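In: Show me the folded form of this:
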Amino acid sequence: MRQTWRWFGPQDGVGIDDMLQAGVEGVVSALHHIPTGAVWSPEEIAQRQREIATRADGSPSGLAWEVVESLPVSEDIKKQTGDWRAHLDAYKQSMEHLAAAGIEVICYNFMPVLDWTRTDLAYRVGHGGTAMRFDLHDFAAFDIHILQRPGAAESFPAGVAEIAAERFGRMDEAVRQRLATNVVFGLPGAAEHFTLDDVRAHLAQYAAMSAGTLRGHLVDFLAEVAPLAERLGLRLCCHPDDPPFPLLGLPRVMSTEEDYRAVMEAVELRASGITLCSGSLGARADNDIPGMMTRMGDRVHFLHMRNVTREAAGTPCSFHEAEHLGGDTDMVAFVAAVLREEARRRASGRADASIPFRPDHGQDILDDLGRRAQPGYPAIGRLKGLAELRGIMTALGHAEHGLRP
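Out: Got it, this is the predicted structure:
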């Protein structure tokens, strides 16, 4: 398992020197300042590589840009409308430029409109630190009363709309504004940040689209880019929906093992693979994360290792980001499944036997609380998570004590 760390670029509050002290082996990054649908030029890629390779004092860091997260798929491609053909051509050119720069792994997602959704970016947990949280009733208050989406109240489980109305009635204007800002925050570091009117416009364009149609568009996209990835020696890996259930009336197509299996079988190329995110998928109790790694490990090219605590039964439900070993996913079993897959790959001679992973998200603790890093991406909280995961990896890989999986 190759230990990597996400970096949002020079403006990130957690820098290259911090990564080195955390002991990471590689860097996950993207060109967030380039608008979605535009080509990533060789010059921009090389600039990011130089930034990663250089410490604050100008000396070499020894680190390299190893995983792209994300090369974004435009809304036009997802809907197959507007400039989607031009955006697809630009995507392919960016892939060629990344391959020429020596980068082999590209993470992307196919979530309509919002790349992830939380209602609270700094939820206070028991030890005094903070974590990101999705509260189903607060989200319903946003959807029904702030966004005022037609039919929103009927889209939630029984009783949710009533509690949401009560919650909304107790919120002052500042709380309502903060909730709306949190929900539409989108991908941290992204070039686009949506307004409510932007969200409404996008929802209207997706209003008639079924999950089957969106999945068909994803398969069409992969039919175009996966053969190119295979020729270039790239590994594409699709991130799951976050959270993994329908929101805002939008279709979801990468929320379960069955979703992944359908797409992987539709495009039977190893270059088309999976970003297995234990946090996103773990927000559903019916997703067996270690089992998914065991059954679909051949196509897993990238790992996001984090944990969530589900606050109620059923789907959808409220949840918050837990400590990496403290949530509802059995992280020891997950790491063991990864190590077994890596051993299988080594035995078969695969060059990609070591799967890159990063300690995804993390609770803000200690100095994180004043650092103002990207929400979900603290320095010390992620370092703590990486240390815990590193400990599991070391213990399970210690053949002397008969613990090798």
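In: CA atoms for contacts and neighbours, from now on please.
Out: Noted.
In: Helices of the stretch 1-150 of the chain, start to end?
Out: With DSSP state H, counting those that start in this stretch as the definition, the stretch 1-150 of the chain shows helices at residue ranges 16-22, 42-52, 75-79, 84-100, 136-141.
In: To Val300, which of these lies closest?
Out: Val300 sits nearest to helix 84-100 of all the helices of the stretch 1-150 of the chain, at 19.0 Å, using CA to CA.
In: then that closest one to PDB, C-alphas only?
Out: Output in PDB follows, covering the C-alpha atoms of helix 84-100 (Å, rounded to 0.1, in the frame of the first residue of the first chain):
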ATOM      1  CA  TRP A  84     -19.900  17.700 -24.300                       C
ATOM      2  CA  ARG A  85     -18.000  16.500 -27.400                       C
ATOM      3  CA  ALA A  86     -15.500  19.300 -27.200                       C
ATOM      4  CA  HIS A  87     -15.100  18.600 -23.400                       C
ATOM      5  CA  LEU A  88     -14.600  14.900 -24.200                       C
ATOM      6  CA  ASP A  89     -11.800  15.800 -26.700                       C
ATOM      7  CA  ALA A  90     -10.200  18.100 -24.100                       C
ATOM      8  CA  TYR A  91     -10.400  15.300 -21.500                       C
ATOM      9  CA  LYS A  92      -8.500  13.000 -23.800                       C
ATOM     10  CA  GLN A  93      -5.900  15.600 -24.500                       C
ATOM     11  CA  SER A  94      -5.400  16.100 -20.800                       C
ATOM     12  CA  MET A  95      -5.000  12.400 -20.400                       C
ATOM     13  CA  GLU A  96      -2.300  12.400 -23.000                       C
ATOM     14  CA  HIS A  97      -0.500  15.200 -21.400                       C
ATOM     15  CA  LEU A  98      -0.600  13.600 -18.000                       C
ATOM     16  CA  ALA A  99       0.700  10.300 -19.400                       C
ATOM     17  CA  ALA A 100       3.500  12.100 -21.100                       C
END
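In: one step back: mind putting the helices of the stretch 1-150 of the chain in CSV, mean pLDDT included?
Out: Output for those, formatted as CSV (pLDDT from 0 to 100):
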stretch, mean pLDDT
helix 16-22, 96
helix 42-52, 98
helix 75-79, 96
helix 84-100, 98
helix 136-141, 98
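In: now those helices in a markdown table, with distance to Gly216 and mean neighbour count?
Out: Formatted as a markdown table, these follow (distance: least, CA to CA, whole Å; neighbours: other CA atoms under 10 Å):
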| stretch | distance to Gly216 | mean neighbour count |
| --- | --- | --- |
| helix 16-22 | 39 | 17 |
| helix 42-52 | 31 | 16 |
| helix 75-79 | 10 | 20 |
| helix 84-100 | 15 | 18 |
| helix 136-141 | 29 | 25 |
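In: Just send the ones you listed back as JSON lines, with distance to Arg176 too.
Out: Shown next, in JSON lines, are the helices of the stretch 1-150 of the chain (distance: least, CA to CA, whole Å):
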{"stretch": "helix 16-22", "distance to Arg176": "35"}
{"stretch": "helix 42-52", "distance to Arg176": "38"}
{"stretch": "helix 75-79", "distance to Arg176": "27"}
{"stretch": "helix 84-100", "distance to Arg176": "35"}
{"stretch": "helix 136-141", "distance to Arg176": "9"}
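In: so which of the ones you listed gets nearest Met305?
Out: Nearest to Met305, of all the helices of the stretch 1-150 of the chain, is helix 16-22, at 16.0 Å by CA to CA.
In: Check what contacts that closest one and list those residues.
Out: Trp5, Ile52, Thr54, Arg55, Ala56, Ser61, Ala379, Leu383 (CA atoms under 8 Å, 6 or more residues apart in numbering).
In: Report whether Asp197 is found in a helix, as I expect.
Out: Yes: according to DSSP: H, G, I helix; E, B strand; the rest coil, Asp197 belongs to a helix.
In: gap between Phe185 and Leu114?
Out: 8 Å (CA to CA, to the nearest Å).
In: quick one: which of the two has more around it?
Out: Phe185 (23 against 20; other CA atoms under 10 Å).
In: quick check, that one in a helix?
Out: No: Phe185: not assigned to a helix; according to three-state DSSP it is coil.
In: Which of the contacts of helix 16-22 fall in strands?
Out: Per DSSP state E, strands hold the following members of these: Trp5.
In: so which pair among the contacts of helix 16-22 is furthest apart in space?
Out: Thr54 and Leu383 (20.5 Å).
In: Could you check which of the two is surrounded by more residues?
Out: Taking neighbours as other CA under 10 Å, Thr54 and Leu383 compare with Leu383 leading, 20 against 17.
In: Tell me which residues touch that one, please.
Out: In this structure, Leu383 makes contact with Ala22, Pro359, judged by CA under 8 Å, 6+ apart.
In: Which among the helices of the stretch 1-150 of the chain is found nearest to Asp197?
Out: Across those, closest to Asp197 is helix 75-79 (CA to CA), at 15.8 Å.
In: Can you give the contact residues for that closest one?
Out: 82-85, 87-88, 110, 112-113, 206, 214, 217-218, 221.
In: Minimum pLDDT in those, which residue is that?
Out: Among the contacts of helix 75-79, Val113 carries the weakest pLDDT, at 89.
In: name the element the closest residue to that residue other than its chain neighbours belongs to?
Out: The shortest distance from Val113 to any non-neighbouring residue, by CA to CA, 6 or more residues apart in numbering, is to His202 (6.5 Å). Using DSSP states H and E, His202 falls within helix 196-206.
In: Would you mind pulling the contact partners of that helix?
Out: Lys79, Val113, Leu147, Arg149, Ala180, Val184, Leu248, Gly249, Leu250.
In: On the C-terminal side of it, identify the next helix or strand.
Out: Next in sequence after helix 196-206, counting helices and strands by DSSP H and E, comes helix 211-232.
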